[in-house]
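1. this one's sequence-less:
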Ligand SMILES: O[C@H]1[C@H](O)[C@@H](O)[C@H](O)[C@@H](O)[C@H]1O
Ligand SMILES: [Fe+2]
Ligand SMILES: [Fe+2]
């Protein structure tokens, strides 16, 4: 059943946001959520949720649960198969954008059929995740309409797992991303499985910089193939006017080793560093908005349709 209720988590977040505005007189660019161990006693009421919908911590990949084994198996396959060769092939194949012509909203509806096997925190249809994160960020950043739209579309690339888009296995679609062509950092979850990746043993690829150079810019780095890079291609090649920070969020939102662990920063250039600030904001909403409380799709659809019209052509090549 789909119900439309206010999620109490976001009441708290909005309250915290107001508080940060009061203190400084301007909006702080650090998102509405506080990370539990960064909070002071004073901020207690404004913590991001410390439990996911299954009553466990967010992004805990080791604790025993119904999903732990399948998620670990997912990462085993992902780490073995994401190589420089594989990414090169996927970029060429999906760069053609010859799978379908459709609107952004059509894609949102298609995503209803996708359940993400890599995610320990969510087993809801993806359209709910899109709307939950978009509505949450809209509440705290009412004037940044591009950010609302970015949240709505950030996971649309997951359609490449559907048969009409090539039916890629989940390991080539979802999960955290990481650069290929250089050493796999230990902050990657279930890092041990990289030992079975052929690139792990390739001398050109297994050093800190690998085939890249210090400060080369993420745009010159090959990321493991998945929904981030694919959706970035769709946005860019179809001439969207979404600001560069929005495009950056879409392209790197699964790059937890960078935005959460703080690794791989030697590959960033100045522009990446600017964009990363918005990605930090976005990430809290992407992660902590995951819940069992459904959004009424028909109710919010007109607002998002108006944003799609503002930033995208009616039909896009996918
Ligand atoms: O399991 C999740 C999920 O697939 C997300 O869409 C992705 O962005 C995350 O990085 C990943 O860990
Ligand atoms: Fe994602
Ligand atoms: Fe997401």
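-> Yes, it's here. What you see is a predicted model, and the numbers here were worked out from it, not measured in a lab. Ligands and ions are numbered 1, 2, ... in the order given.
2. what's the neighbour count on residue 259?
-> Here the number of neighbours of residue 259 (other CB atoms under 10 Å) works out to 18. In short, each C-beta sits where N, CA and C put it, glycine included.
3. Distance check, it against residue 296.
-> With the distance defined as CB to CB, to the nearest Å, residue 259 ends up 31 Å from residue 296.
4. go on, residue 120?
-> Counting by CB to CB, the gap from residue 120 to residue 296 is 27 Å.
5. Which of those two has more residues huddled nearby?
-> Ranked by neighbour count (other CB under 10 Å), residue 120 and residue 296 place residue 120 first, with 25 against 12.
6. Do I have it right that that one meets residue 69?
-> No - Residue 120 is beyond contact range of residue 69, at 10.8 Å (criterion: CB atoms under 8 Å).
7. Any chance you could list residues touching both of those two?
-> Applying CB atoms under 8 Å, 6 or more residues apart in numbering, one finds that no residue jointly contacts residue 120 and residue 69.
8. Please name the nearest non-neighbouring residue to residue 79.
-> Closest residue in space to residue 79, ignoring its immediate chain neighbours: residue 193 at 3.8 Å, by CB to CB, 6 or more residues apart in numbering.
9. Count the residues that sit near the closest residue to ligand 3 within the stretch 1-150 of the chain.
-> When scored by CB to the ion, the stretch 1-150 of the chain has residue 129 as its residue closest to ligand 3, at 5.6 Å. Here the count is done by other CB under 10 Å, and residue 129 has 25 residues near it.
10. The one 4 residues further on now?
-> By the criterion of other CB under 10 Å, residue 133 has 26 neighbours.
11. For it, what are phi and psi?
-> Dihedral angles phi and psi of residue 133 (degrees, to the nearest 10) take the values phi -70, psi -40.
12. Does it touch residue 285 like I think?
-> Yes - if you go by CB under 8 Å, residue 133 and residue 285 touch, sitting 4.9 Å apart.
13. where exactly do the strands run in the stretch 1-150 of the chain?
-> Using DSSP state E, counting those that start in this stretch, the strands of the stretch 1-150 of the chain run over 101-102.
14. got the residues of it near ligand 1?
-> Within the stretch 1-150 of the chain, the positions adjacent to ligand 1 are 116, 118-119 by CB under 6 Å from any ligand atom.
15. Which members of the residues you listed are classed as buried?
-> Neighbour counting by 16 or more other CB atoms under 10 Å classes 116, 118-119 among these as buried.
16. Present the residues of the stretch 1-150 of the chain next to ligand 1 as JSON lines; the columns should include distance to residue 188.
-> Conversion of these to JSON lines gives the following (distance: CB to CB, whole Å):
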{"residue": "116", "distance to residue 188": "18"}
{"residue": "118", "distance to residue 188": "13"}
{"residue": "119", "distance to residue 188": "16"}
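17. Let me have these in CSV, extended by pLDDT and distance to residue 268.
-> CSV is the format used below for those (pLDDT from 0 to 100; distance: CB to CB, whole Å):
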residue, pLDDT, distance to residue 268
116, 90, 27
118, 93, 25
119, 89, 26
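18. Among those, name the ones in helices.
-> Within these, membership in helices is found for no residue, as judged by DSSP state H.
19. show me which of those neighbour ligand 3.
-> For ligand 3, no contacts are drawn from those by CB under 5 Å from the ion.
20. Can you tell me the number of residues neighbouring residue 274?
-> Neighbourhood size, residue 274 [other CB under 10 Å]: 13.
21. what's the closest non-adjacent residue to the most centrally placed residue in the chain?
-> When the chain is reduced to its mean C-alpha position, the closest residue under CA atoms, centre = their mean turns out to be residue 253, at 3.4 Å. In space, not counting the residues next to it along the chain, residue 253 is nearest to residue 154; the distance is 5.5 Å by CB to CB, 6+ apart.
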